[in-house]
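K.L.:
Predicted coordinates and the sequence they were generated for:
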Amino acid sequence: MIKVLIPLTALLLAAGSANAQERPAQAVIDAYIKSTFGKASAEWQARIKPDDSLSVCNVTRNNPSSAQSDEMLKRESARVTYPADGKFLGDWKKGYQVANNGRGGQFSDPAGTVAGGNCFACHQLDPKEVSYGTLGPSLAAYGKDRKYDPETIKDAYTKIYNSMAVVPCSNMPRFGVNKVLDEQQIKDVMAYLFDPESPVNK
Amino acid sequence: MKLPIIGAAALVAVLIVAAGPLTAQSPPQDDSEKEIERYRQMLSDPFSNPGFLAVDRGEVLWAEKRGTKGVSLEGCDLGEGAGKLEGAFAKLPRYFADADKVMDTEQRLLWCMDKLQGLDTKEVVLRRFSGPARASDMEDLVAFIANKSSEMTIQPQLSHPKEKEMAAVGEALFYTRGGVNDFSCATCHAEEGKRIRLQGLPNLSVKGKTAQETMGSWPTYRVSQSALRTMQHRLWDCYRQQRWPVPEYGSEALTALTVFLQKQAEGGEIKVPSIKR
C-alpha cells in the first residue's frame, strides 16, 4: 500500500505545483486587488472577500473536483432558508417586476435602491418578450413543462435562493444567501415561473 | 419632410417581408442579432465618427506647454523613445525602467504629466471620464496616441518578469468572482455567442478573432454616452456591472487585466478610434 501511495502523492504534488506556476500566489493576486479596490468602504470590501465556496470556484475556474463539489453542496444546502409558512408561490405580476428589474448592487445605484433579480438578462421567460439573454437556459413554459410538480417547485426555490446548493460553482447569483432578494421577492419570481396564469406558461 | 419617413416605412416593410420566411425556420434571437448587426454597420462609418474630434483635441494637448515646468508632453517616453508616438500604443501596457512598473497608456501619461510637466494630476484624474460640459484630457490624449497605432497590430509585451506577472495575475482576476452576484469577467465573457438581453458578449477567455476585434477597437466613441471612452472606462463599467467596488483609475488590477486581454488579442489589427453603441 505504501509503495502505491508514494508515487500517487508525488503525482498530486507535481500537479499542484504545475498549477501554482500558472496561477500566481493568492497573496500576489490579493495585492493587485487591494491596489485597485482597497479604497472602497469596509462594507464593499466584504463583498469581494470570497467565501469558502467562491475560493474553490476561483482557483478551479468553476470546475471543482468531485470531493470539492460534495463539500460545496453540503455547505451551501445548509445555507438555504425555506419559507416558514411552507408557501413557495407569491404573486406572478410582482414576480415579473422583480425578473425585469436589473437595478441594485452597483456602485452607481443610489442608496436604498431596491434590487431586482434581473432574470431576463440571462434567461428567456415570457416567450413574447424578445429582449432576453442567453447566458442561462430558456425558462419559457417552466412550470407547465414540469406539470407544476410540488417537488420541482421546492427545487426551483432552492436554486434561486442558493444556486450552488444545486450546481457547485453555478454562474447564477445566490440571490437568497447574498441577500439580493428577500423571501417575498423570491416567492413572487417563483409564481412568475409556476403560476399557470403567468405569461411564462402561456 | 414626409418622403424620408415614407421611405423608411417602405424599408421597414421590405425588411419585415425579407425577415418573414426566416422567422419560420430560425429562433427569434437570429432576427434580433441581424438587426443589431445592421445597426452596428450603420455606426461604423468613419467619416461620421466624432471620436476623431477627440484625436484632434489630444494632438493639441500633447503639444501644449503645461505644468510648473512649462513643457509639453513631447518629451514623454511611451516606450518607443521620448516623443515617439508611432506604434507606441500597440505595445502598451509595458514595463518602464524609470518607474520600475508595468504601465498602460493612461498610467504612463499621468506619470509624464507629474514627472515631466509638474502638472497637478489630481485635477486631471477628476476629469478622467468626460461628461456634459466636462472635457477629459485623458480621453483626448489616449485617442490621439492610440490613433498613431491605427492599422498596426497588437503586440503584447511579455518579456520582462513584471510583464509576465501582470499577464498571469490578469488571467487569475478574469476568473475571480465577487460582489453580491458572485460575478467575474468570465461570467459573461467565457462562452461563444452569448448575450445579456440583446447585447452580444465577446468571448475573451480564448485567443483569437473575437479578442482581437474587441481589443483592436478601443478607444472607441460611445454613441450612447456621446463620449470617447478608453479601456480604463470599459473596465470601470464592467466592474460596476459586476457589482464590484469602484476600481481605482490607473491601478494595478486594471493594468493586469489589460495585459491579459492584449495577450488574448495578440496580432489583432488596431482600428481606432472606433465607434460603438
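P.N.:
Good, I have the coordinates.
K.L.:
When you work out contacts or count neighbours from here on, use the C-alpha atoms and nothing else.
P.N.:
Will do.
K.L.:
can you give me the helices in the stretch 51-200 of chain B?
P.N.:
Using DSSP state H, counting those that start in this stretch, the helices found in the stretch 51-200 of chain B span residues B:51-63, B:105-112, B:121-126, B:137-147, B:161-174, B:185-189.
K.L.:
Tell me who's in contact with the residue nearest the centre of chain A.
P.N.:
Centre of chain A computed as the mean C-alpha position; nearest residue by CA atoms, centre = their mean is A:Pro173, 2.9 Å away. By CA atoms under 8 Å, 6 or more residues apart in numbering or on different chains, the contact set of A:Pro173 is A:160, A:162-163, B:180-183.
K.L.:
same question, A:Ser131
P.N.:
With contact taken as CA under 8 Å, 6+ apart, A:Ser131 is in contact with A:120, B:197-198.
K.L.:
circling back to that earlier point, host element of the residue nearest to the centre of chain A?
P.N.:
Secondary structure from DSSP states H and E places A:Pro173 outside every helix and strand.
K.L.:
Roughly how far does it sit from A:Ser163?
P.N.:
As defined by CA to CA, to the nearest Å, A:Pro173 lies at a distance of 7 Å from A:Ser163.
K.L.:
can you tell me how far the closest residue to B:Gly178 other than its chain neighbours sits from B:Val246?
P.N.:
In this structure, B:Gly178 finds its nearest non-sequential neighbour in A:Ile48, 4.5 Å apart by CA to CA, 6 or more residues apart in numbering or on different chains. For A:Ile48, the distance to B:Val246 under the criterion CA to CA works out to 12 Å.
K.L.:
what is B:Arg195 paired to in the beta sheet?
P.N.:
The bridge-partner assignment for B:Arg195, based on DSSP bridges, gives B:Gly200.
K.L.:
Give me the neighbour count for it.
P.N.:
Neighbour count for B:Arg195, taken as other CA atoms under 10 Å in any protein chain shown: 24.
K.L.:
With B:Ser159 instead?
P.N.:
A total of 10 residues lie near B:Ser159 under the criterion other CA under 10 Å.
K.L.:
Pretty sure B:Glu59 sits against B:Asn147.
P.N.:
No. The pair B:Glu59 / B:Asn147 is not scored as a contact, 10.3 Å apart, by CA atoms under 8 Å.
K.L.:
Near chain A, which residues of the stretch 51-200 of chain B are found?
P.N.:
Proximity of the stretch 51-200 of chain B to chain A (CA under 8 Å from any CA of the partner chain) is limited to residues B:165, B:168-169, B:172-173, B:175-183, B:187-188, B:194-199.
K.L.:
Could you measure from the residue positioned nearest the centre of chain B over to chain A?
P.N.:
Nearest to the mean C-alpha position of chain B, by CA atoms, centre = their mean, lies B:Trp218 at 3.0 Å. For B:Trp218, the distance to chain A equals 21 Å [CA to the nearest CA, to the nearest Å].
K.L.:
per-residue confidence at that residue?
P.N.:
In the prediction, the pLDDT value recorded for B:Trp218 is 98.
K.L.:
go on, the one 4 residues further on?
P.N.:
In the predicted model, B:Arg222 carries a pLDDT score of 95.
K.L.:
how about A:Ala40, secondary structure?
P.N.:
For A:Ala40, the secondary structure call by DSSP: H, G, I helix; E, B strand; the rest coil comes out as coil.
K.L.:
For it, which non-adjacent residue is closest in space?
P.N.:
In space, and not counting its chain neighbours, A:Ala40 is closest to B:Pro245: 6.2 Å by CA to CA, 6+ apart.
K.L.:
hmm, back to that, take the contacts of A:Pro173 and lay them out in JSON lines including distance to A:Val177, pLDDT and neighbour count.
P.N.:
Below are the contacts of A:Pro173 laid out as JSON lines (distance: CA to CA, whole Å; pLDDT from 0 to 100; neighbours: other CA atoms under 10 Å in any protein chain shown):
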{"residue": "A:Ile160", "distance to A:Val177": "9", "pLDDT": "98", "neighbour count": "24"}
{"residue": "A:Asn162", "distance to A:Val177": "6", "pLDDT": "98", "neighbour count": "25"}
{"residue": "A:Ser163", "distance to A:Val177": "9", "pLDDT": "98", "neighbour count": "25"}
{"residue": "B:Val180", "distance to A:Val177": "9", "pLDDT": "97", "neighbour count": "23"}
{"residue": "B:Asn181", "distance to A:Val177": "10", "pLDDT": "98", "neighbour count": "22"}
{"residue": "B:Asp182", "distance to A:Val177": "11", "pLDDT": "98", "neighbour count": "24"}
{"residue": "B:Phe183", "distance to A:Val177": "15", "pLDDT": "98", "neighbour count": "22"}
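K.L.:
for these, which one is nearest B:Tyr95?
P.N.:
Looking at these and their distance to B:Tyr95, the nearest is B:Phe183, at 29.9 Å (CA to CA).
K.L.:
Could you tell me the phi and psi values at the closest residue to that closest one other than its chain neighbours?
P.N.:
Taking CA to CA, 6+ apart, and ignoring the residues beside it in sequence, B:Phe183 has B:Arg177 as its nearest neighbour in space, at 4.9 Å. Dihedral angles phi and psi of B:Arg177 (degrees, to the nearest 10) take the values phi -90, psi 150.
K.L.:
my read: B:Arg177 touches A:Val59, true?
P.N.:
No. Using CA under 8 Å, B:Arg177 and A:Val59 do not qualify as a contacting pair, with a distance of 10.1 Å.
K.L.:
out of those two, which sits in the more crowded spot?
P.N.:
B:Arg177 (26 against 17).
K.L.:
Report the contact partners of the more buried one.
P.N.:
With contact set as CA under 8 Å, 6+ apart, B:Arg177 has these partners: A:48, A:50, A:54, A:57-58, B:183-185.
K.L.:
again with B:Pro273
P.N.:
Going by CA under 8 Å, 6+ apart, the list of residues near B:Pro273 reads B:51-52, B:143, B:146-147, B:217-221, B:228.
K.L.:
Relative to chain A, how far out is it?
P.N.:
According to CA to the nearest CA, B:Pro273 stands 26 Å off from chain A.
K.L.:
so how far is B:Trp236 from that residue?
P.N.:
For B:Pro273, the distance to B:Trp236 - CA to CA - is 19 Å.
K.L.:
Give me the neighbour count for A:Glu151.
P.N.:
Number of residues near A:Glu151 (other CA under 10 Å) recorded here: 10.
K.L.:
Having no further points to raise, I will conclude here.
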